[in-house]
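Trainee: From the sequence below, what's the structure:
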Amino acid sequence: MDALLIYGAYGYTGRLIAREAVAQGGSPVVAGRDGRAVARQADALGVEGRVIDLESDDPASHLERFDAVVNCAGPFVDTAEPLVTACLETGTDYLDITGEFPVFESLRQRDDAARETEVTLLPGVGFDVVPSDCLAAFLADQLPAADTLRLGIKSDGGLSRGTARTLVEHLGSGGVVRRNGRLIQVPAAFRTRAIDFGDGPEHAVTIPWGDVVTAAHSTGIESVEVYAAAPSWATRGLAAADSLGWLLERGPVKRLLKRVIDTRLDGPDGAQLAADSAVVWGEVTDAETSRRTRARLRTPNPYALTAEAAVVAAERMLEDQNSVPDGFQTPASAFGSEFVLELAGTKRELVETPDESNESTRVLVKPT
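Mentor: The predicted structure is shown next:
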């Protein structure tokens, strides 16, 4: 790969992506604000390193020579805006691995500006949201009249330091669903239901996953909910955290939690990357006919998938920039619903729809 910049390349996921890019024969430039970390990584990989501080530097001055940048530095609510602004100025295509729905929505609103400058904005080229976005697009193709989409995520892998810090940043912020084309703020674990991820029904709760924005763009379906497998006690815990939002939003509390994360976490080790897996479940429904279609997608460890997906997406963009539309895109709108099946260890299956009388859905009322 030529003319690719990986920003935030020395973080856990950034390291995986940079190594994967080099393993595939590329020579990306690795970048971030910590000069020592950048230098160590560049020397280890045999590539160029560049120090970029988004707060004090002019990012555009660093991006002029690059055709594409992959942003791996979270929380993306802090890093996406300055990098995207610089990309629009320099004509550089933008990719990232965010799962933060506010970032997707913010970039979606910059679609016109991106089209005018012939720039592609492609957030979410990792586990958030490649598998779920591609599954959503596949299901919409199976039932074109569908007006409701529900997705479910189950993963047995651990978290990276960056992911955990991002979760802390959003603690107490509640959840979000999409209803009739509008993003609706709801309490954490607002709704629960049983989902069969392949081994029988499991408890799952709503989460503010990026598909509440991206799936609508990919499928045209305007009512979207996303669930995560979780023990039943987690519903009460999430509700309690939501009610303590006033405390969790305080700077000292968040700083303490992040210090604990920084000392305790890095990310899944090599054995976990090789052995862990995840399942994405999806269901589309046509209310007028009561028809529904379900499918499951099995993937390797989310971080392993993220490394491969981000590199493959960047390669595609660099190899033939005319093949990917300008403006705001999702993985499925850029590359099609089959894109995820090109990644190692992924398998998709349609699921027979059982009698709905055995399923229950519960709405959690936020405590006052």
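
Trainee: Assign a three-state SS to Phe66, would you?
Mentor: Judged by DSSP: H, G, I helix; E, B strand; the rest coil, the three-state class of Phe66 is coil.

Trainee: Tell me the spacing between Thr120 and Asp133.
Mentor: Applying C-beta to C-beta, to the nearest Å, the value for Thr120 to Asp133 is 15 Å. From N, CA and C alone the C-beta is placed, and that goes for glycine too.

Trainee: Same drill for the two, tell me which one is more crowded.
Mentor: Counting neighbours by other C-beta atoms under 10 Å for Thr120 and for Asp133 shows that Asp133 has the greater number, 30 against 21.

Trainee: Check which helix or strand the more buried one maps to.
Mentor: Element membership for Asp133 (DSSP states H and E) is helix 130-142.

Trainee: Could you give the average pLDDT over that helix?
Mentor: What helix 130-142 shows for mean pLDDT is 98.

Trainee: Check stretch 33-46 too.
Mentor: Stretch 33-46 comes out with an average pLDDT of 98.

Trainee: and Leu183, that one's in a strand?
Mentor: Yes. Applying three-state DSSP, one finds Leu183 inside a strand.

Trainee: Counting neighbours, what do you get for it?
Mentor: Using other C-beta under 10 Å, the number of residues around Leu183 comes to 17.

Trainee: And Gly126, how far from Arg191?
Mentor: Distance of Gly126 to Arg191, given as C-beta to C-beta: 26 Å.

Trainee: Domain map for this structure?
Mentor: Following automatic domain parsing, the chain resolves into domains at 4-126+303-335, 130-301+345-363.

Trainee: mean pLDDT for the ones you listed: which is lowest?
Mentor: When the domains of the chain are compared on mean pLDDT, domain 130-301+345-363 scores lowest, with a mean of 79.

Trainee: distance of Phe307 from Ala334?
Mentor: Just to correct that, residue 307 is Ala rather than Phe. Separation of Ala307 from Ala334 (C-beta to C-beta) stands at 18 Å.

Trainee: Ignore what I typed, I meant Pro144.
Mentor: 20 Å.

Trainee: Between these two, tell me which one has more neighbours.
Mentor: Between Pro144 and Ala334, counting by other C-beta under 10 Å, Ala334 is the more crowded of the two (21 against 10).

Trainee: and that one, how far is that from Arg294?
Mentor: For Ala334, the distance to Arg294 equals 25 Å [C-beta to C-beta].

Trainee: And the strands in the stretch 101-250 of the chain?
Mentor: With strands called from DSSP state E, counting those that start in this stretch, the stretch 101-250 of the chain shows them at 120-122, 148-155, 175-179, 182-186, 191-196, 201-206, 224-229.

Trainee: Indicate which one of the ones you listed is closest to Gly270.
Mentor: Set against Gly270 and scored by C-beta to C-beta, the strands of the stretch 101-250 of the chain come closest in strand 148-155, at 17.5 Å.

Trainee: quick one: buried residues of the helix or strand harbouring Ala314?
Mentor: Assigned by DSSP H and E, Ala314 falls within helix 302-319. Going by neighbour count (16 or more other C-beta atoms under 10 Å), the buried part of helix 302-319 is 302-318.

Trainee: what's the answer for stretch 126-142, then?
Mentor: By 16+ other C-beta under 10 Å, the buried positions in stretch 126-142 come out as 126-140.

Trainee: Alpha carbons of it, as CSV, please.
Mentor: In CSV, the C-alpha atoms belonging to stretch 126-142 read as follows (Å, rounded to 0.1, in the frame of the first residue of the first chain):
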residue,chain,number,x,y,z
GLY,A,126,-13.4,-2.8,12.2
PHE,A,127,-15.6,-5.1,14.2
ASP,A,128,-17.6,-2.0,14.7
VAL,A,129,-19.3,-2.1,12.3
VAL,A,130,-18.2,-4.4,9.4
PRO,A,131,-19.9,-7.6,10.4
SER,A,132,-23.2,-6.0,11.6
ASP,A,133,-23.4,-3.6,8.7
CYS,A,134,-22.8,-6.3,6.1
LEU,A,135,-25.3,-8.6,7.9
ALA,A,136,-27.9,-5.8,7.9
ALA,A,137,-27.4,-5.2,4.2
PHE,A,138,-27.7,-8.9,3.5
LEU,A,139,-30.9,-9.2,5.5
ALA,A,140,-32.4,-6.1,3.7
ASP,A,141,-31.7,-7.8,0.4
GLN,A,142,-33.6,-10.9,1.6
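
Trainee: Reduced to three states, what does Val70 come out as?
Mentor: Per three-state DSSP, the secondary structure class of Val70 is strand.

Trainee: tell me the contacts of Pro131?
Mentor: 278, 280, 297, 299, 305, 340, 346 (C-beta atoms under 8 Å, 6 or more residues apart in numbering).
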